[in-house]
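> Pasting the sequence and the predicted coordinates here, then a few questions.
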Amino acid sequence: MNGRDYLAGDPARDDMLILVDVFDREIGTESKWRTHVEGLLHRAFSVVLVRDGAAGLEFLLAKRSATKYHSAGLWANSCCSHPRAGEQLLDAAYRRVGEELGCKAVELREIGSFAYRAVFENGLCEYEYDHVFVGRCEGEFALDAAEVSDVRWIGLDALTAELAEEPQKFAVWTPTVFTMTLSECCR
């Protein structure tokens, strides 16, 4: 199966994503399918949900569904996605937390952004200008099985150890997202 086939069953494959230049200035739109097949730089976001645990701050990890078009079965931050054409980043972040996790995001705030490029074994390419948001959540989880297969809360020490000792368990962007998050949340 090639990269084009992996996106064939994705209901959002025809969503129009926002293409950007290296300064995150909009330069057009393209379908999710073509964006990932051709490796076009596009706007994306990563959400990290946090809570106060018994031993301190905890972070919500999400395990990507086994049916995802790339990074399937890997742990990542709480939610990752793309704003649609005409959609504001913050609105998209709130929307996708509800769609993927079933809970309500609260107090989301952007803490920074970065660009990365990764080519996957199936030929698809993520070339993203990724905006990182941190916030909290309310309500119970009702996971969208097509997106997320599991979630878990993890403390700072355990997260740091896992990222260092077992990086292969995590999606490629996860270390950068959590480095930014830790810099912001653990000052």
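Nice, thanks for sending it over. Residues are numbered from 1 along each chain as shown.

> elements contacting the longest strand seen in the chain?
Identified as the longest strand of the chain according to DSSP state E is strand 104-119. With contacts defined as 3 or more C-beta pairs under 8 Å, 6 or more residues apart in numbering; DSSP states H and E, strand 104-119 has these neighbours: strand 42-53, helix 89-101, strand 125-138, helix 174-185. For every residue, glycine as well, the C-beta is placed using N, CA and C.

> Would you convert these into a markdown table that also reports mean neighbour count, distance to residue 25 and mean pLDDT?
What follows is these, written out as a markdown table (neighbours: other C-beta atoms under 10 Å; distance: least, C-beta to C-beta, whole Å; pLDDT from 0 to 100):
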| stretch | mean neighbour count | distance to residue 25 | mean pLDDT |
| --- | --- | --- | --- |
| strand 42-53 | 21 | 10 | 95 |
| helix 89-101 | 19 | 14 | 97 |
| strand 125-138 | 21 | 10 | 96 |
| helix 174-185 | 18 | 21 | 86 |
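
> Could you dump those into JSON lines with distance to residue 64 added?
As requested, these are exported to JSON lines (distance: least, C-beta to C-beta, whole Å):
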{"stretch": "strand 42-53", "distance to residue 64": "12"}
{"stretch": "helix 89-101", "distance to residue 64": "10"}
{"stretch": "strand 125-138", "distance to residue 64": "12"}
{"stretch": "helix 174-185", "distance to residue 64": "10"}
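
> May I have the phi/psi pair for the most far-flung residue of the chain relative to its centre?
When each C-alpha in the chain is compared with the mean C-alpha position (C-alpha atoms, centre = their mean), residue 54 comes out farthest, at 26.3 Å. Residue 54 has phi and psi values of phi -60, psi -30 when expressed as degrees, to the nearest 10.
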